[in-house]
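Enquirer: What would the 3D arrangement of this be:
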Amino acid sequence: MTANPSSVASQRIADILAERILAGDLAPGARIKQDELAEELDISRIPVRDALRMLEARGLVVMRPNAGARVTALTTRDLEVSFEIRARVEPLLLAESVPGLTEGDIADLSATMARIERATDLDETIALGREFHWITYRRHDTPLLAQIVERVWDTTQSYRRAYMKLSLGQGNRTHDVEHRLLYDAICRGEIETAQSVLSMHIRRTSLGLQRYAHLLSAAPEARAVPPE
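Expert: The predicted model follows:
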């Protein structure tokens, strides 16, 4: 069956906007002007509107009547809850996946970990960190858990980016140690230990965000802690 051209266009626009949001090019609270976007991409407003609805379903965009679309901005409380969700759900997803990880998966995990330890670029570090964790989850058979985790990762990425920029700027490479501890536990098949390390890793990031919140410029209308 041939895909609907309008649906294809909407998905392409959604992918472009999602990439900009996750890369930090569109900050939390930033307004997305449909007319300007349609003109930039040389397309009608209809697929742009549909793309924004797709992103709203992913939690990346908020659309309000008579107010247009904006990149989702989280309050401090939203962030606390988001990381609590991660700390509870991701260990479950990890436990579902670890028994099925193959030698190839472990090799991929090792290679990605080594790349993270060599990385100095912020964007590369963030992308590789995400890749590392999703390798550990790739053998799950619980799509609902994975969907929850992916949504929370997406909606908090701008905030984690801001924290990591400050953290890496101070020479803090604690995440490298935590990744290696997680890798070692997975290699030994020690699922409960791996879950504990993962939970600690997530909660440390949450505490770091709270600690540095005063250094991150706030978006008054969202009462959030967006990146610079």
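
Enquirer: pretty sure residue 128 is touching residue 112, no?
Expert: Yes: under the criterion of Cβ atoms under 8 Å, residue 128 makes contact with residue 112 at 5.9 Å. In short, each C-beta sits where N, CA and C put it, glycine included.

Enquirer: so who does residue 156 touch?
Expert: 74, 79, 82-83 (Cβ atoms under 8 Å, 6 or more residues apart in numbering).

Enquirer: Now the buried members of those.
Expert: 74, 79, 82-83 (16 or more other Cβ atoms under 10 Å).

Enquirer: buried ones in the longest helix anywhere in the chain?
Expert: Taking DSSP state H as the criterion, the chain has its longest helix at helix 143-169. Residues of helix 143-169 classed as buried by neighbour count (16+ other Cβ under 10 Å): 145-146, 148-149, 151-168.

Enquirer: Quick check: what element follows it along the chain?
Expert: Using DSSP states H and E, the helix or strand that follows helix 143-169 in sequence is helix 174-187.

Enquirer: buried set for that next one?
Expert: 175-176, 178-179, 181-183, 185-186.

Enquirer: Any regions of the protein where pLDDT drops low?
Expert: By pLDDT under 70, the low-scoring segments of the chain are 1-6, 212-228.

Enquirer: re the thing from before, now, which of the buried residues of helix 174-187 sits nearest residue 141?
Expert: residue 186 (17.3 Å; Cβ to Cβ).

Enquirer: Would you mind measuring from the closest one to residue 151?
Expert: Going from residue 186 to residue 151 by Cβ to Cβ, to the nearest Å gives 24 Å.

Enquirer: Same check on residue 37?
Expert: Taking Cβ to Cβ, one finds residue 37 at 23 Å from residue 151.

Enquirer: Against which helices or strands is the strand or helix carrying residue 194 packed?
Expert: Assigned by DSSP H and E, residue 194 belongs to helix 191-211. Packing contacts for helix 191-211, counted by 3 or more Cβ pairs under 8 Å, 6 or more residues apart in numbering; DSSP states H and E, involve helix 76-97, helix 143-169, helix 174-187.
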